[in-house]
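# Mind looking at a prediction? Sequence and model below.
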Protein chains: 2
Amino acid sequence: MKEVFFTPGPSQLHPGVPEFLQEALAQNIPSISHRSGQFEKIYTAAADGVRAVLGAPASFHVFFLGSATEGMERIIQNCSAKHTFHFVNGAFAERFLQTAQELDRTTHELRAPYGEGFDFGSVDIPKETELICATHNETSTGVMLQPEDLQSLKQRYPKKLLALDIVSSAPYPTLSYEHLDAVFFSVQKCFGLPAGLGVLLVNDFCLEKSADILRLGQSVGTYHNFPTLVSFSEKNQTPETPNVLGIYLLGKVCEAFVATGMDKIRVGIDERAAFIYDFLDRSKSFSAFVKNPRMRSRTVISAACANASTIIKALGKQGLHVGSGYGKFKDQHIRIANFPAHTLSDTQRVLQSLEQLTAA
Amino acid sequence: MKEVFFTPGPSQLHPGVPEFLQEALAQNIPSISHRSGQFEKIYTAAADGVRAVLGAPASFHVFFLGSATEGMERIIQNCSAKHTFHFVNGAFAERFLQTAQELDRTTHELRAPYGEGFDFGSVDIPKETELICATHNETSTGVMLQPEDLQSLKQRYPKKLLALDIVSSAPYPTLSYEHLDAVFFSVQKCFGLPAGLGVLLVNDFCLEKSADILRLGQSVGTYHNFPTLVSFSEKNQTPETPNVLGIYLLGKVCEAFVATGMDKIRVGIDERAAFIYDFLDRSKSFSAFVKNPRMRSRTVISAACANASTIIKALGKQGLHVGSGYGKFKDQHIRIANFPAHTLSDTQRVLQSLEQLTAA
């Protein structure tokens, strides 16, 4: 039976991964030194590849971390001495807020009900705020913020750093990097890779802020503080022995994305998302959890339904793996990932099965 | 040409790795949820496997991190509120010390020249010290401390936590875990795995200390603080999406180690180490950098020589990859790893080549 993973990450592997893994073994990639020229080429390919698929300028530094969760910690440590502001509408935005609290920051927040977005025009961010944290795509609920809303937010607060969690949307959104200071993601979502690698991009304003905090005598972390990370990234290396194989695979997947064309990948995601939301809007058993079409994620789609666990189990028996609801929504939602590795025909299989399961 | 990696990590892969990777792909391990029962079994296999090959009791909690370097950071954050003590005789012990300094600890230290060990009997550790940090096997120089010295140190200071870096020796040493509080390693050394996974074992005294620090109102980090790590490890899960594939492979390699027998693996390492040191002691071109036989590492062997870079390049052309000297010893040493994945015949090839290259 063909197994397809529509889970919101870890998820379906990019179809090239088995071959890339074989190539890596043939070339002894897992054995090479992380201080070798060969590794530096792997780093460059991955960093350039990430910038290419995101549309991020060369002025953004690319750092490799253990996970996106680590990205939150390093951003808070290095981009805020004391005051952070958080847009909170789901579990991962909560995690970003909690990270700041655990690092003894004074946190400010604007909350929206889970499943909803924010009125960015009316938000009033306290003057003392150094860093604004937002979640582009709330994996827990399927709310996706609009790039133009984030851009106008930054235009209202140009001196505050803006960090954006793009964990489960990158490289789908076309973001204005001129209006962003830090973004981070993990590779087991849209990039279709094995988990175990976080990617953080920061601009020079973040590096300056980190240096400022250090000058205040405040710790910015250790081996993964920004001054250390950048001193190594400038040599196309990492401070510690990194996930060399993961970085290699990321470079290969980015190369494949560029070969396919990011526009084509985005059109495919849009088409499948439209297909799924159309199904949910017509269904009697399922409904889109996010009501406002403007806020609906294209990459992680939450469908409200009765008996989600039963449906997920029945789908699993057909080799189709979708995600459960997150946290308190565990038995009230199913989540369907719509990543570059997913195909329209497999997505149609899922929707047909959902229809059959609930018609029965 | 058969390529063999005697670099001190990343190094030669365990011979089972290609097959374990194929099994992982066939079972969709990279796509499964890190909150699934299937992952919990993978976590359990790896954690139990690690304890089995190290000889660590079940009372030690096993945490999975991004790297061993992260292990240093988490130990300092969670096991010391203010005062740490460091045994420093090489670059990795320096890194542990620097980590404490970057986290604003007041550090105390006993230094030994690179290439030497310590007189543990005469060390006087300040009363205020909460945490003692030592490096069992200094990867940069090939000095290995004796388990009985560490044991008697702990017996003299039973109330202070003792953290041991076993990055490039585990699972070789037979340690007295009764006299240790935290140990950590990475998988790309003796375990013969792709890099990108650190493993940290801590006992309940470390957890209590972390809770004490939190009660003082001091941060112990965020997603990887000990209270959070243990709350997930008790469920056989991790706080973030971890390197699932790496954890799976670690479990498989531990299983293979247990099947071979740790005693047999240790005997093999001892035999090859004796062979290498005998060669160095007889050679006119090479000499063991560590003079005191009691302090000589069995797993990372530093050989002093002239023109190390030239020798390393010439060996590389024969498909034999050894490490350069670390830092200031770059052109003065070669380092030969002696891990479970290495064989006596390949080790003999390296020594024969070294002899021929310097005889010419």
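Arrived safely.
# shouldn't A:Met342 be in contact with A:Arg272?
Not Met; residue A:342 is His. Yes. Between A:His342 and A:Arg272 there is a contact under C-beta atoms under 8 Å: 6.6 Å. Placement of C-beta: from N, CA and C, glycine included.
# Identify the residues contacting A:His333.
By C-beta atoms under 8 Å, 6 or more residues apart in numbering or on different chains, the contact set of A:His333 is A:Phe289, A:Ser302, A:Ala303, A:Ala304, A:Cys305, A:Ala308, A:Ser324, A:Gly325, A:Tyr326.
# mind running it again at 7 Å?
A:Phe289, A:Ser302, A:Ala303, A:Ala304, A:Ala308, A:Gly325 (C-beta atoms under 7 Å, 6 or more residues apart in numbering or on different chains).
# residues from the stretch 201-350 of chain A in reach of chain B?
Proximity of the stretch 201-350 of chain A to chain B, by C-beta under 7 Å from any C-beta of the partner chain, involves residues A:Ser219, A:Thr222, A:Tyr223, A:Pro239, A:Glu240, A:Thr241, A:Pro242, A:Asn243, A:Val244, A:Leu245, A:Gly246.
# Inside helices: which ones of these?
The helices, defined by DSSP state H, take in A:Val244, A:Leu245, A:Gly246 from those.
# Can the helix or strand hosting A:Glu73 be said to contact chain B?
In this assignment (DSSP states H and E), A:Glu73 forms part of helix A:68-79. Yes. Interface with chain B: helix A:68-79 contributes A:Thr69, A:Glu70, A:Glu73 (C-beta under 7 Å from any C-beta).
# Columns pLDDT on top of those, output as TSV?
Converted to TSV, those look like this (pLDDT from 0 to 100):
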residue	pLDDT
A:Thr69	98
A:Glu70	98
A:Glu73	98
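# Among the residues you listed, which one lies nearest to A:His86?
For the residues of helix A:68-79 next to chain B, the residue nearest A:His86 by C-beta to C-beta is A:Glu73; the value is 14.3 Å.
# my guess is that closest one meets B:Thr222, correct?
Yes. Applying C-beta atoms under 7 Å as the test, A:Glu73 and B:Thr222 come out as touching, 4.7 Å apart.
# Touching both of the two, which residues are there?
In contact with both A:Glu73 and B:Thr222: A:Thr99, using C-beta under 7 Å, 6+ apart.
# Which residues are in contact with the residue nearest to A:Ser233 when sequence neighbours are not counted?
Leaving aside its sequence neighbours, A:Ser233 sits nearest to A:His61 (C-beta to C-beta, 6 or more residues apart in numbering or on different chains; 5.4 Å). Neighbour list for A:His61: A:Leu201, A:Val202, A:Val230, A:Ser233 [criterion: C-beta under 7 Å, 6+ apart].
# Quick check: bridge partners of A:His61?
A:Val202 (DSSP bridges).
# how much space is there between A:Ala134 and chain B?
18 Å (C-beta to the nearest C-beta, to the nearest Å).
# ignore the last one, A:Lys160
Taking C-beta to the nearest C-beta, one finds A:Lys160 at 22 Å from chain B.
# For stretch A:22-37, what is the spacing between the initial and final residues?
Distance across stretch A:22-37, first residue to last, is 21 Å (C-alpha to C-alpha, to the nearest Å).
# and A:Leu164, that's in a helix?
No. Under DSSP: H, G, I helix; E, B strand; the rest coil, A:Leu164 sits outside any helix and is assigned strand.
# count of residues packed around the residue lying closest to it once chain neighbours are set aside?
Using C-beta to C-beta, 6+ apart and skipping the chain neighbours, the partner closest in space to A:Leu164 is A:Val183 (4.8 Å). Residues lying near A:Val183 (other C-beta atoms under 10 Å in any protein chain shown) number 26.
# And A:Val183, which helix or strand is it part of?
strand A:182-186.
# what comes into contact with stretch A:18-37?
A:38-39, A:237-238, A:241-242, A:244-245, A:248-249, A:252, B:3, B:5, B:7, B:10-13, B:18, B:21, B:25, B:194-195.
# re the thing from before, most neighbours among the contacts of A:His333, which one?
Counting by other C-beta under 10 Å, top hit in the contacts of A:His333: A:Ser302 with 30 neighbours.
# What would the strand or helix carrying that residue look like as PDB? C-alpha coordinates only.
For A:Ser302, the element it lies in under DSSP H and E is strand A:300-304. What follows is strand A:300-304, C-alpha atoms only, in PDB (Å, rounded to 0.1, in the frame of the first residue of the first chain):
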ATOM      1  CA  VAL A 300      -1.700  23.700   6.700                       C
ATOM      2  CA  ILE A 301      -5.400  23.400   6.500                       C
ATOM      3  CA  SER A 302      -7.500  22.800   9.600                       C
ATOM      4  CA  ALA A 303     -10.900  21.200   9.100                       C
ATOM      5  CA  ALA A 304     -13.400  21.100  12.000                       C
END
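# Specify the angle between the helix or strand just after it and strand A:300-304 in degrees.
Sequence order places helix A:308-317 as the next helix or strand after strand A:300-304, per DSSP H and E. Angle of helix A:308-317 versus strand A:300-304, following axes from the mean of the first three to the mean of the last three C-alpha atoms, to 10 degrees, is 120 degrees.
# Tell me the helix or strand right after helix A:308-317.
Toward the C-terminal end, the helix or strand that comes next after helix A:308-317 (DSSP H and E) is strand A:320-324.
# Partner strands of the following helix or strand past that following strand and their direction?
Counting by DSSP H and E, the element after strand A:320-324 in chain order, helix or strand, is strand A:333-337. Strand pairing for strand A:333-337, determined by DSSP bridges: strand A:300-304 (antiparallel), strand A:320-324 (antiparallel).
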